[in-house]
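Trainee: This is a predicted model, with the sequence first.
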Amino acid sequence: MSEQSFTFRAMNTQIELLLVPDRVLQIFEKEKIFANIRALFQQVENTCSRFLPDSELSLLNQTPERDVPVSPLLFELLVDAYDAFIETNGMFNPGLLTHLEAAGYDKSLEKASQSQEEPSFYPCAVHTKAPFEIDKIRKTVWLSRGVKIDLGGIAKGWTVDRAVEYLKPFGTGFINAGGDLRVFGRRDGFWKIGVENPFDPEKDLGVISIRDGAIATSSTWKRRWKKGANWMNHLIDPRTGQPTQSEIVSVTVTAPTAKEADVWAKTVLLLGMERGTTFVQERQVCAVLVDRNLNIRSIPSGLA
């Protein structure tokens, strides 16, 4: 069967879909598949974007210290974000939006990079305390005082996984949301995924081969800006409340799902080279870690 491809923009990134159908698809079927995938990403963005003042997440962030009923979509995403917080011992913390805004990322990255103001950081709560509570019976969320939620660290991977579940019955392929990539279906041989050089995006450092599952990259080199005399980045260290000073600038990691790859890549970068290596080895997945001096560590050794 001939492959079908489709691209569109959502969540401030390029979404790429490749589908090799198991049967011949009529034109109206292809159009419906692509329209449904696009609608899914748009729905998640409209619900969970912190940049949309009338999104459900933005409204939730304005109502701390009370039980707030939320939609099934937002509730499921918050449950997964909460579980990721527990699994990573608080290193993945979706409740640090106040700290991210203090670092200058309160608007789009282009506008953040133009600021000449010095950063004013907020004291960080103990990072082992969950930033919100969930009532799974009543489907409500309780935000702690001073907490604002940012789901940017999990929402793309989470949406990719749901898109894949929808696409699986139609055939084989992949969906890539700005580097959060998951493959699906039956394919002879491996998918070969390039590992981008964080200092030269036009070049790859190597290749990771996967047969199924997902891969994601987190980097502090591309998403950074200057605030006053200080360089900022978008990854807040929950132990300090400030942009990470990790020696790692880029992590590419494989995982069973895009959601996990999304979370794990950020966690490994925050943990640093040695603790991050242990984190990857404990999960028995593959990773490529790159530090500020372009020293490369592949797990397992010789992977890329």
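Mentor: Good, I have the coordinates. The model shown is predicted, which means the values in this text are computed figures rather than measured ones.

Trainee: and the host helix or strand of Phe6, C-alpha only, in CSV?
Mentor: When secondary structure is defined by DSSP states H and E, Phe6 falls within strand 4-10. Listed next in CSV are the C-alpha coordinates belonging to strand 4-10 (Å, rounded to 0.1, in the frame of the first residue of the first chain):
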residue,chain,number,x,y,z
GLN,A,4,0.1,8.6,3.3
SER,A,5,1.6,11.6,4.9
PHE,A,6,0.2,14.7,6.6
THR,A,7,1.6,17.7,8.4
PHE,A,8,0.1,20.5,10.3
ARG,A,9,1.0,22.9,13.1
ALA,A,10,-0.3,22.6,16.7
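
Trainee: quick one: strands adjacent to that strand?
Mentor: For strand 4-10, sheet partners with direction are given as strand 13-21 (antiparallel), following DSSP bridges.

Trainee: buried sites along the strand it pairs with?
Mentor: By 16 or more other CB atoms under 10 Å, the buried positions in strand 13-21 come out as Ile15, Leu17, Leu18, Leu19, Val20, Pro21. In short, each C-beta sits where N, CA and C put it, glycine included.

Trainee: and what of stretch 233-244?
Mentor: Residues of stretch 233-244 classed as buried by neighbour count (16+ other CB under 10 Å): Asn233, His234, Leu235, Ile236, Asp237, Pro238, Gly241, Gln242, Pro243, Thr244.

Trainee: Where is pLDDT lowest across those?
Mentor: Of all the buried residues of stretch 233-244, the model is least confident about Asn233, whose pLDDT is 75.

Trainee: and the nearest residue to Asp204 once chain neighbours are set aside, what does it touch?
Mentor: Counting by CB to CB, 6 or more residues apart in numbering, the nearest residue to Asp204 once its immediate chain neighbours are dropped is Gly194, at 3.8 Å. Taking CB atoms under 8 Å, 6 or more residues apart in numbering as the criterion, Gly194 is in contact with Asp204, Gly206, Val207.

Trainee: for this structure, longest strand please?
Mentor: Selection of the longest strand in the chain by residue count, based on DSSP state E, yields strand 200-210.

Trainee: For it, name the packing helices and strands.
Mentor: Judged by 3 or more CB pairs under 8 Å, 6 or more residues apart in numbering; DSSP states H and E, strand 200-210 is in contact with strand 191-197, strand 248-255, strand 287-291, strand 296-299.
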